[in-house]
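> predicted model follows, preceded by the sequence.
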Amino acid sequence: MQIDKTKFKRIKNKVLKAIPNARTQRTKSGTYYVSDGEGNSLATEYMIPPSSSVQMAWFWLSEIIRIDKNIERTNPNRMDIGVFEKKFQRISKRNKKKK
């Protein structure tokens with residue numbers, strides 16, 4: 001998969017918003033991964049295999065960040081009991097009107 005320069009720039013900016021010091025690193029075997037700027041590999045943290053090109057390393061990290069953001073947004077563990085009670089009341093109120 002080949003990524004053009006404008007799309008690559010958008011992808012890289014998305015990743016840099018989430019991880020400001022992200023940098024591309026090259027392994028001894030010639031594969032690429034993105035680090036967090038402190039020497040830690042984000043590929044191992046998110047379980048991404050090393051990529052054959054710089055563009056693909058940034059692409060896969062941006063996809064993982066997008067998916068991670070969706071999971072965090074919809075995760076039921078982040079809701080406290082007050083939010084859950086309000087949601088339950090709304091649903092109960094709606095169901096009572098239908099009867």
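Yes, it's here.
> quick check: phi and psi on the closest residue in space to residue 53 that isn't next to it in sequence?
In space, and not counting its chain neighbours, residue 53 is closest to residue 32: 6.5 Å by Cβ to Cβ, 6 or more residues apart in numbering. C-beta coordinates here come from the backbone N, C-alpha and C atoms, glycine included. Dihedral pair for residue 32: phi -120, psi 150, per degrees, to the nearest 10.
> and the pLDDT at residue 32?
pLDDT, residue 32: 91.
> do the same with the one 3 residues further on
The confidence metric pLDDT takes the value 88 at residue 35.
> swap in residue 98?
66.
> mind showing which ranges of this structure have poor pLDDT?
Applying pLDDT under 70 to the chain picks out residues 76, 78-79, 98-99.
> quick test: name the residue nearest the centre of it.
Nearest to the centroid of the C-alpha atoms of the chain, with distances taken as Cα atoms, centre = their mean, sits residue 65, at 1.1 Å.
> SS state for that residue?
Residue 65 carries the three-state label helix when classified by DSSP: H, G, I helix; E, B strand; the rest coil.
> OK, contacts around it?
14, 15, 18, 19 (Cβ atoms under 8 Å, 6 or more residues apart in numbering).
> pull out the buried members of these.
14, 15, 19 (16 or more other Cβ atoms under 10 Å).
> quick check, nearest of the residues you listed to residue 50?
Closest to residue 50 out of these is residue 15 (16.2 Å), distances taken as Cβ to Cβ.
> what about that closest one, which SS state?
What three-state DSSP gives for residue 15 is helix.
> which residue ranges of the chain form helices?
5-18, 42-45, 54-74, 81-98 (DSSP state H).
> just the residues contacting the shortest one, thanks.
Around helix 42-45, the neighbours that count as contacts under Cβ under 8 Å, 6+ apart are 19, 22, 33, 34, 35, 36, 48, 49, 50, 57, 61.
> much appreciated, bye for now.
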